[in-house]
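# take this sequence and fold it.
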Amino acid sequence: MNGVADACLSLADKMYSDNPYAREVGHVGDAAGLATSAGVMDGHDVAPDVLADVVQWLRKGGYNPAVPLNDFRRRAREGAAYCRNEGCEVVGHLKEFKVCPRCKTARYCGAACQKQD
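Residues are numbered from 1 along each chain as shown. The predicted model follows:
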């Protein structure tokens, strides 16, 4: 069961990182139902049906869903260090970091960091 919870955690991270294949724009409200009980997910702008499933599986996997989801939301709003080059301290939003044309997975803040890495 933890494999499913871990997969849901990864999906949630991608939703908040504006991954076009994982994120659907929507607002969490009543549609998220009981899985988002007690207002834990208020203000999370991700697809309600997906978020409800993520919250449910995280709970089944022993996670407190509010902790990682609030961290993902904070990073999405404030930015994070997405540059693959170790030691780079540039902070921004995921879409501001260019994807390496060779490996298609690493992201860099600029050509200098990519070359150094």
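# so what's residue 16 closest to, chain neighbours aside?
residue 72 (3.7 Å; C-beta to C-beta, 6 or more residues apart in numbering). For glycine as for every other residue, the C-beta is placed from the backbone atoms N, C-alpha and C.
# report the central residue of the chain.
Nearest to the mean C-alpha position of the chain, by C-alpha atoms, centre = their mean, lies residue 13 at 2.1 Å.
# now for it: which residues touch it?
Applying C-beta atoms under 8 Å, 6 or more residues apart in numbering to residue 13 gives the contacts 68, 72.
# tell me which helix or strand it sits in.
Assessed by DSSP states H and E, residue 13 sits inside helix 2-16.
# so how far is that helix off the chain centroid?
A distance of 8 Å separates the centroid of the chain from that of helix 2-16, by C-alpha atoms, centre = their mean, to the nearest Å.
# in that helix, which residues are buried?
By 16 or more other C-beta atoms under 10 Å, the buried positions in helix 2-16 come out as 5, 8, 9, 11, 12, 13, 14, 15, 16.
# would you verify that residue 64 is located in a helix?
No: Residue 64 is assigned coil when assessed by DSSP: H, G, I helix; E, B strand; the rest coil, not a helix.
# tell me how far it lies from residue 103.
Residue 64 sits 34 Å away from residue 103, going by C-beta to C-beta, to the nearest Å.
# who has more neighbours, the two?
residue 64 (11 against 8; other C-beta atoms under 10 Å).
# break this protein down into its structural domains.
2-77, 79-117 (automatic domain parsing).
# for the first one, what is the average pLDDT?
Domain 2-77 carries an average pLDDT of 67.
# next: stretch 105-117.
Regarding stretch 105-117, the rounded mean pLDDT is 92.
# buried sites along that stretch?
The neighbour-count check on stretch 105-117 (16+ other C-beta under 10 Å) flags 106, 107, 108, 109, 113, 114 as buried.
# residue 105: what's it in contact with?
residue 99.
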